[in-house]
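Engineer: take this sequence and fold it.
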Amino acid sequence: MAQNGTTENGVTGANGDGSPPMPFPQPVKVQEIRHTKIFINNEWHTSLKGKTFQTFNPATGVKICEVEEADKADVDKAVKAARAASQRGSPWRRMDVSSRGRLLHKLADLMERDRALLATMETIDTGKPFLHSFFIDLDGSIKTLRYYAGWADKIHGKTMPVDDTFMCFTRHEPVGVCGAIIPWNFPLLMFMWKVAPALCCGNTVVIKPAEQTPLTALHVGSLIKEVGQLIKEAAAKSNLKRVTLELGGKNPCIVFADSDLQLAVEETQKGAFFNQGQCCTAASRVFVEEQVYEEFVRRSVESAKSIVIGDPLDPRTSHGPQIDQKQFDKILELIDSGKKEGAKLECGGVAMEDTGLYIQPAVFSHVKDHMRIAKEEIFGPVQCIFRFKSQQEAIERANSTEYGLASAVFTRNLDRALSVSAALETGTVWVNCYNALHAQAPFGGYKMSGNGRELGEYALAEYSEVKAVTIKLTEAL
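Structural biologist: Numbering: from 1, shown residues only. Prediction:
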């Protein structure tokens, strides 16, 4: 795929085979990966120690390109530049808040312009289906930028009534340099989740990808260069500084007998298999009331078998490869543990024999709470279906985990939906839906699933310091 600096991704015509275009967005042919360096202070840099690493297309195993690898010295250089940019009196700090919002809108405009290219690169780099990249990752990134662009001139303090001879008010000020580590499963979207609110509040940001460097984030670095802002690539360690964490999940879904069963099947499978199961929000534990258990399993197997597995650049594909060999091997090992511990593998769960890191979506029934597949975050296309008898039992088992990121309830009974939602120990509860994420709504977890919140107005508090100013007044004579 990468020969002499040119990336061939198999798209030879409108549909990759010269046939007429289909009635939905199409990937573009990526002739060259242009941005592989470290982005610091609005400039591209090579690694100070000359380090690079290779990144591979998980659908084909072919090298895409080599990327500059930041070391400690590069991190220090990025932090120094970010600190200088955040100092009082700098152009960034002197910029009025409305102009800051316009810059975020400008970046969103540029991403709209390059949307098909960015979606194609995201697919080549991560293996996720192109339409998922286009309609979820890119759409979500652009909406997040526009949402926080609108907040830039609306972050304000309050006045508080105190003693008669004093006036007291608060200011919301930027914390300064923010460090962010972005995951490899949604590199572009998570990049925007962290960068947009931080910039909205007037901070500077140092970004480090977790493991693989996302090519889309590097390309966005080039778009940021057009905007004239500085965002970068590197790492930051925590000490006594404020930290927000969005971590793992072992997310429960509770399906009651009175629910729309087909809807529950479709939504829980979207939750289990979206992005090849490589989601912190993956619907990895599905508790089904015993009256409808067998029917739910039957429909789930039928649905899983209809999933289209193939070239992620083909818009008809809905399931692509896992991200890398390490993740691929881990998923298969956990699937094997499920069979050995007594769960029934209803379908899938095997590696595809063709090129690429493909695993057929697996459905397990008769899963017990003590099994590894019931306790460990698999981060792969594995759906585990449990049986329950009573509402209280379902709640207790759903909460019986160290994680608390997301959950779902499927029922036609509004009273039950509200009472169960209140009882679930998770940062997000979806009712009769799954993975319904919006820039306006906060996202984060309870327990070991994290600390703090991303998105919505709540995220602004993570990137701001609140200062109280109290003034002694002189009484008029």
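
Engineer: poorly predicted segments of the stretch 51-200 of the chain, please.
Structural biologist: Residues of the stretch 51-200 of the chain meeting the criterion pLDDT under 70: none.

Engineer: which stretches in it count as helices?
Structural biologist: Secondary structure of the stretch 51-200 of the chain by DSSP state H, counting those that start in this stretch: the helices cover 72-86, 91-94, 97-113, 115-126, 130-132, 139-151, 187-200.

Engineer: turn these into a markdown table, columns for distance to T428 and mean neighbour count.
Structural biologist: (C-beta placed from N, C-alpha, C; glycine too.) As requested, the helices of the stretch 51-200 of the chain are exported to a markdown table (distance: least, CB to CB, whole Å; neighbours: other CB atoms under 10 Å):
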| stretch | distance to T428 | mean neighbour count |
| --- | --- | --- |
| helix 72-86 | 31 | 18 |
| helix 91-94 | 33 | 13 |
| helix 97-113 | 25 | 18 |
| helix 115-126 | 23 | 26 |
| helix 130-132 | 20 | 23 |
| helix 139-151 | 15 | 21 |
| helix 187-200 | 14 | 26 |
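
Engineer: include distance to I373 when you put the ones you listed into JSON lines, please.
Structural biologist: JSON lines is the format used below for the helices of the stretch 51-200 of the chain (distance: least, CB to CB, whole Å):
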{"stretch": "helix 72-86", "distance to I373": "38"}
{"stretch": "helix 91-94", "distance to I373": "48"}
{"stretch": "helix 97-113", "distance to I373": "38"}
{"stretch": "helix 115-126", "distance to I373": "24"}
{"stretch": "helix 130-132", "distance to I373": "24"}
{"stretch": "helix 139-151", "distance to I373": "29"}
{"stretch": "helix 187-200", "distance to I373": "26"}
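
Engineer: T36: which of the ones you listed is closest?
Structural biologist: helix 115-126 (11.8 Å; CB to CB).

Engineer: for the closest one, name the packing helices and strands.
Structural biologist: helix 130-132, helix 187-200, helix 215-227 (3 or more CB pairs under 8 Å, 6 or more residues apart in numbering; DSSP states H and E).

Engineer: can you do 6 Å?
Structural biologist: In this structure, helix 115-126 packs against helix 215-227, with contacts taken as 3 or more CB pairs under 6 Å, 6 or more residues apart in numbering; DSSP states H and E.

Engineer: ranges for the strands of the stretch 201-350 of the chain?
Structural biologist: Counting by DSSP state E, counting those that start in this stretch, the stretch 201-350 of the chain has these strands, from start to end: 204-209, 245-246, 252-255, 285-289, 344-347.

Engineer: may I have the residues that are in contact with F56?
Structural biologist: K63 (CB atoms under 6 Å, 6 or more residues apart in numbering).

Engineer: surely T268 and A283 touch.
Structural biologist: Yes. Between T268 and A283 there is a contact at 4.9 Å, judged by CB atoms under 6 Å.

Engineer: what touches both of these two?
Structural biologist: Residues touching both T268 and A283 by CB under 6 Å, 6+ apart: C253.

Engineer: output the strands of the stretch 201-350 of the chain as TSV; include the columns distance to V466.
Structural biologist: Formatted as TSV, the strands of the stretch 201-350 of the chain follow (distance: least, CB to CB, whole Å):
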stretch	distance to V466
strand 204-209	19
strand 245-246	21
strand 252-255	36
strand 285-289	39
strand 344-347	53
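
Engineer: any idea which of the ones you listed scores lowest on pLDDT?
Structural biologist: Sorting the strands of the stretch 201-350 of the chain by mean pLDDT places strand 204-209 lowest, at a mean of 76.

Engineer: so which of the helices of the stretch 51-200 of the chain comes closest to K37?
Structural biologist: For K37, the closest of those is helix 72-86, at 10.5 Å, according to CB to CB.

Engineer: and the helices in the stretch 201-350 of the chain?
Structural biologist: Here the stretch 201-350 of the chain has its helices, by DSSP H, counting those that start in this stretch, at 215-227, 261-273, 293-305, 325-340.

Engineer: CA-only coordinates of the last one in CSV, if you can.
Structural biologist: Output of helix 325-340 as CSV, limited to C-alpha atoms (Å, rounded to 0.1, in the frame of the first residue of the first chain):
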residue,chain,number,x,y,z
GLN,A,325,-2.2,-8.1,15.9
LYS,A,326,-1.9,-7.7,19.7
GLN,A,327,-5.6,-6.7,20.0
PHE,A,328,-6.6,-9.5,17.5
ASP,A,329,-4.8,-12.2,19.6
LYS,A,330,-6.2,-10.9,22.9
ILE,A,331,-9.8,-11.1,21.6
LEU,A,332,-9.4,-14.6,20.2
GLU,A,333,-7.9,-15.7,23.5
LEU,A,334,-10.8,-14.3,25.5
ILE,A,335,-13.3,-16.0,23.1
ASP,A,336,-11.5,-19.3,23.7
SER,A,337,-11.7,-18.7,27.5
GLY,A,338,-15.5,-18.2,27.2
LYS,A,339,-15.9,-21.6,25.5
LYS,A,340,-13.7,-23.3,28.0
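
Engineer: gap between it and the chain center?
Structural biologist: Counting by CA atoms, centre = their mean, to the nearest Å, helix 325-340 is centred 23 Å from the centre of its parent chain.

Engineer: so where do the strands sit in the stretch 351-477 of the chain?
Structural biologist: Ranges of strands within the stretch 351-477 of the chain are 362-365, 382-388, 403-404, 406-410, 428-431, 446-447, 450-451, 464-472, based on DSSP E, counting those that start in this stretch.

Engineer: average pLDDT across the last one?
Structural biologist: Translated: strand 464-472. Averaging pLDDT along strand 464-472 gives 94.

Engineer: swap in the first one?
Structural biologist: Per-residue pLDDT over strand 362-365 has a mean of 96.

Engineer: which strands border it, and is each parallel or antiparallel?
Structural biologist: Strand pairing for strand 362-365, determined by DSSP bridges: strand 344-347 (antiparallel), strand 382-388 (parallel).
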